[in-house]
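In: The following comprises the amino acid sequence and a computationally predicted model.
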Amino acid sequence: MATVEEAQGTATLEARSVSWDRVWRYALLILGAVIFIFPLLFMVMSSLKPDAQLLADTANLRAFLPVGDISLDNYFGAFRRAPVATFIFNSVLVTAVTVVLSLFVCSLAAFAFVFLKWRGRDIVLAVIIATLIVPFETIAIPMLIVVNNLPWISSDGLTLGWLNSYRVQIVPFIADGLTIFLFAQFFKDMPRELIEACRVEGATWFQIYRKVVMPLSGPVLATGAILKFLAMYNQYLWPLMVTQDEGYRPVMVGLQYFFQLNPVWGEIMAYLSVITVPVLAFYLFLQRAFIASIASTGVKG
Amino acid sequence: MTMLTRVSAILLASTCLAGAAAAQAELTFWQHGAGNPWEPRLFGQIVEDFNASQSDWKVTLQQFPQAAYNDSVTAAALSGELPDIIDVDGPLMPNWAWAGYLAPLEITEEELEGFLPGTIGRWQDQIYSVGLWDAAVAMITRKSTLEKYGIRVPTLGEPWTGEEFNAALETMKESGDFEYPLDLGMWDKVEWYPYAFSPFLQSFGGDIVDRSTYQTAEGVLNGDAAIAFGEWWQGLFTDGLVPGTSQDPADGNQAFGFRDGKYAIVWSGNWNGAGVLEAFGDDALFLPAPDFGNGPKIGAASWQFAVSAQSENQQGANAFIRFALQDKYQAMFSDASGLAPATATAAQMTENYKEGAPMAVFYDLSAAQALVRPVTPGYVVQSAVFRKAVSDIADGADVATALDAAVDEIDADIENNQGYGH
């Protein structure tokens, strides 16, 4: 009996320590979540307030609450001030096309680096990885001169120069060292036996890529897509240099429309809230894909 | 009509039509006002009127957001894609002219007679740019405030002396009514610093660079006059007369701090004039800069029109600029922006600047006190160096050391650029 009581006591103590452990853990997590959510909350709440109230509220907690004179006026003002819908369309189009093409091209490149045997592949891969340390700003001007002299066939025949187009914002960013490196690292951990078995069965390299390697690459596809999406959606310097026509400008260049002599902070917050929606939606969508990919590969493994 | 005649007639007609179409040259005009509620509309109006007024040229307006504009122009210059007509910020013009982006205007001095000095951009004795308006700053305060503390209302003819100004600030500080009597807009750490504060230095007798040669800052930015300026400047902050560099931007934005009664005086521009008038009506005062010994000074030169050196239609670009300079467009811009029009005749056509109007004093301030920032390609660097020096001094740095360091940096940059073509 005593033994049972002791055992019960120990169990209760353990349960208590587990529950305290849980409380601490959740407290820390909530604190972390609050720290990360507050700026977003501030942005959304400020977008609903007139400037005088917004600036007055920054001194206290009201900045994070929908209190006072609340309206959607700043959103209407932002859409009147700049062609917001065009900017969002441009950014989403350029980003989506670049992400899809980049995942395809970079995974193919990484596949060739990891699974195919060819002379000099290690050196070429090393050079590609070395490009990671080259800041974009250092190559921006040479790149500008290059794209300005590239030919294109359009309804006007053969023309020179890619400025003021979507392609100039997409093509230079399809292949990049980071995405190739991510895929290469992931492919290196795949069992060689699987690939060899496919070869013995008579599969072509492209069949192996499409039917074996890519279906197992969910996590790296999700990671690559998120990183590429963020990099492309946040592009500022390059589109600034290559788009003089308002019709091709993306959201980050559009943000500058709001910084006037006397900036209307409410409209800036409204614009930021609107352009943050695609980022959050994309991340939430891929977060599910990311977890699903890990789960499915785990079961198969 | 035979077949041959018919074909010839058609060919001739189409050639004539094509010729007529080719005769109208297409010009592009870049402007920095995207996102601004009035600039795209007003520039659009001028472009539309110009295109309708003649058939030789057709101008197309392309708007850029101001914060991204200069980088866009630099990138376009590199790729050979500059437009025909460019707008350029006054103090930046010599740099763009020196770099070969701009061509001198065909507009003559005679045509610009009566324009405010700050609206004309000259480089190496040639006119490169001209503007429809100028910005002007003033000591903005309230009649009732000065009366309350027994402070004289200064005039253009008899501005406050440096001693009078300092005494006024101390009186208001000692009253205990204001934590800081003067708001200098210290939160805005960009071009505002040289535009708004270098005139104080110039009124003391110093300058950012020696304008007689533009080859050194030695003696003007670290001479006795500059040291006296630096010590006065630092005193404003150590004596608690002005909030420092970490001032809340909310106070400076649209002069809210002054309008809320937090400060007795704000050093701000005509772009905030309408807001101040709305808040205080007849009680508002726009006063001239104090005279620290070398005459009262305020900054000058805002955005102006220029012609690109890469333009194949410079004649058309000049024709457009000439067209845009009409008084009616100056007045239209002034009414929309609150900025001072370039000519006195245009001022008479405006709501705010006609004789007896509440902001007319800004026009007089520009005409009497304006001094353009150093006219040199090196100003781009000098502006940044000056910003850092006055900011450091405000934060407590040793005055002589900070100014000597600024002089060294400016001189080294001039040397690195082989004198910037002076």
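Out: Cool, the structure landed. Numbering: from 1, shown residues only, chains lettered A, B, ... in the order given.

In: My guess is residue B:346 contacts residue B:327. True?
Out: Yes. Taking Cβ atoms under 8 Å as the definition, residue B:346 is a contact partner of residue B:327 at 4.0 Å. All C-beta atoms are positioned from the backbone trio N, CA, C, and that covers glycine.

In: mind listing what residue A:190 touches?
Out: Residue A:190 makes contact with A:213, A:216, according to Cβ atoms under 8 Å, 6 or more residues apart in numbering or on different chains.

In: And it, how far from chain B?
Out: Taken as Cβ to the nearest Cβ, to the nearest Å, the spacing of residue A:190 relative to chain B amounts to 43 Å.

In: for that residue, helix, strand, or coil?
Out: Judged by DSSP: H, G, I helix; E, B strand; the rest coil, the three-state class of residue A:190 is coil.

In: Return the backbone torsion pair for it.
Out: phi -80, psi 140 (degrees, to the nearest 10).

In: quick one on the thing from earlier: more crowded one of residue B:346 and residue B:327?
Out: Between residue B:346 and residue B:327, residue B:346 has the larger neighbour count (other Cβ atoms under 10 Å in any protein chain shown), namely 27 against 18.

In: Quick check: the more buried one vs residue A:102, distance?
Out: Between residue B:346 and residue A:102 the distance, using Cβ to Cβ, to the nearest Å, works out to 55 Å.

In: What residues does the stretch 51-200 of chain A have near chain B?
Out: Taking Cβ under 8 Å from any Cβ of the partner chain, the part of the stretch 51-200 of chain A that reaches chain B is made up of A:51-52, A:55-56, A:58, A:80-82, A:141, A:144-145, A:148, A:161, A:163.

In: if we go to 10 Å?
Out: Near chain B, the residues belonging to the stretch 51-200 of chain A are A:51-52, A:54-56, A:58-59, A:77-78, A:80-83, A:140-142, A:144-149, A:161, A:163-164 when assessed by Cβ under 10 Å from any Cβ of the partner chain.

In: next one: the host helix or strand of residue A:108 to chain centre, how far?
Out: Using DSSP states H and E, residue A:108 maps to helix A:84-115. For helix A:84-115, the gap between its own C-alpha mean and the chain's C-alpha mean amounts to 11 Å (Cα atoms, centre = their mean, to the nearest Å).

In: Now chain A against chain B: closest residue?
Out: The shortest separation between chain A and chain B is 2.8 Å, found at residue A:257 (distances taken as Cβ to the nearest Cβ).

In: what's the pLDDT at the nearest residue to that residue once chain neighbours are set aside?
Out: Counting by Cβ to Cβ, 6 or more residues apart in numbering or on different chains, residue B:35 is the residue found nearest to residue A:257 once chain neighbours are left out, at 2.8 Å. The score at residue B:35 is 85. That number is its pLDDT.

In: Could I get the contacting residues of residue B:35?
Out: Residue B:35 sits next to A:78, A:81-82, A:254-260, A:263-264, A:267, A:271, B:63-67 when contact means Cβ atoms under 10 Å, 6 or more residues apart in numbering or on different chains.

In: just the buried members of these?
Out: Applying 16 or more other Cβ atoms under 10 Å in any protein chain shown to the contacts of residue B:35, the neighbour count classes A:78, A:81-82, A:254-258, A:260, A:264, A:267, A:271, B:63-67 as buried.

In: ok, the nearest residue to residue B:192 once chain neighbours are set aside - how many residues close by?
Out: The spatial neighbour of residue B:192 that comes closest, neighbours along the chain excluded (Cβ to Cβ, 6+ apart), is residue B:185 at 6.0 Å. Neighbourhood size, residue B:185 [other Cβ under 10 Å]: 26.

In: Please report phi then psi for the residue in chain B that chain A sits nearest to.
Out: Evaluated by Cβ to the nearest Cβ, chain B has residue B:35 as its residue closest to chain A, separated by 2.8 Å. When read as degrees, to the nearest 10, the backbone of residue B:35 gives phi 90, psi -20.

In: got it, and the one 3 residues further on?
Out: Backbone torsions of residue B:38, given as degrees, to the nearest 10, read phi -120, psi -30.

In: Just give the closest residue to it, not the sequence neighbours.
Out: Computed as Cβ to Cβ, 6+ apart, the closest residue to residue B:38 that is not its neighbour in sequence is residue B:336, at 4.1 Å.

In: follow-up on the earlier one: which ones among the contacts of residue B:35 lie within strands?
Out: Using DSSP state E, the members of the contacts of residue B:35 that fall in strands are residue B:63.

In: Cross the contacts of residue B:35 against helices and list the overlap.
Out: Of the positions in those, A:78, A:81, A:254-255, A:267, A:271, B:66-67 sit in helices, assigned by DSSP state H.

In: Residue numbers of the stretch 101-250 of chain B in contact with chain A?
Out: Residues of the stretch 101-250 of chain B that fall close to chain A, judged by Cβ under 10 Å from any Cβ: B:135, B:188, B:248-250.

In: The stretch 301-422 of chain B too?
Out: Taking Cβ under 10 Å from any Cβ as the criterion, the contact residues of the stretch 301-422 of chain B with chain A come out as B:337-339.

In: By neighbour count, which of the residues you listed wins?
Out: Using other Cβ under 10 Å as the neighbour criterion, residue B:339 leads these with 29 neighbours.

In: Touching, that residue and residue B:42? I think so.
Out: No. Counting by Cβ atoms under 10 Å, residue B:339 does not reach residue B:42; the two are 11.8 Å apart.

In: what residues do those two have in common as contacts?
Out: By Cβ under 10 Å, 6+ apart, the residues touching both residue B:339 and residue B:42 are B:132, B:333.

In: List the buried residues in the host helix or strand of residue B:404.
Out: In the assignment (DSSP H and E), residue B:404 maps to helix B:399-416. Going by neighbour count (16+ other Cβ under 10 Å), the buried part of helix B:399-416 is B:399, B:402-407, B:409-411, B:413-414.

In: Can you show me the CA trace of that helix as PDB?
Out: In PDB, the C-alpha atoms belonging to helix B:399-416 read as follows (Å, rounded to 0.1, in the frame of the first residue of the first chain):
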ATOM      1  CA  VAL B 399      33.800  71.800 -31.700                       C
ATOM      2  CA  ALA B 400      37.300  72.400 -33.100                       C
ATOM      3  CA  THR B 401      38.100  68.600 -33.500                       C
ATOM      4  CA  ALA B 402      34.800  67.900 -35.300                       C
ATOM      5  CA  LEU B 403      35.200  70.800 -37.700                       C
ATOM      6  CA  ASP B 404      38.900  70.000 -38.400                       C
ATOM      7  CA  ALA B 405      37.800  66.400 -39.200                       C
ATOM      8  CA  ALA B 406      35.100  67.700 -41.500                       C
ATOM      9  CA  VAL B 407      37.600  69.900 -43.300                       C
ATOM     10  CA  ASP B 408      40.000  67.000 -43.800                       C
ATOM     11  CA  GLU B 409      37.300  64.900 -45.200                       C
ATOM     12  CA  ILE B 410      36.100  67.500 -47.600                       C
ATOM     13  CA  ASP B 411      39.600  68.500 -48.800                       C
ATOM     14  CA  ALA B 412      40.500  64.800 -49.300                       C
ATOM     15  CA  ASP B 413      37.400  64.300 -51.500                       C
ATOM     16  CA  ILE B 414      38.100  67.400 -53.600                       C
ATOM     17  CA  GLU B 415      41.700  66.200 -54.100                       C
ATOM     18  CA  ASN B 416      40.500  62.700 -55.000                       C
END
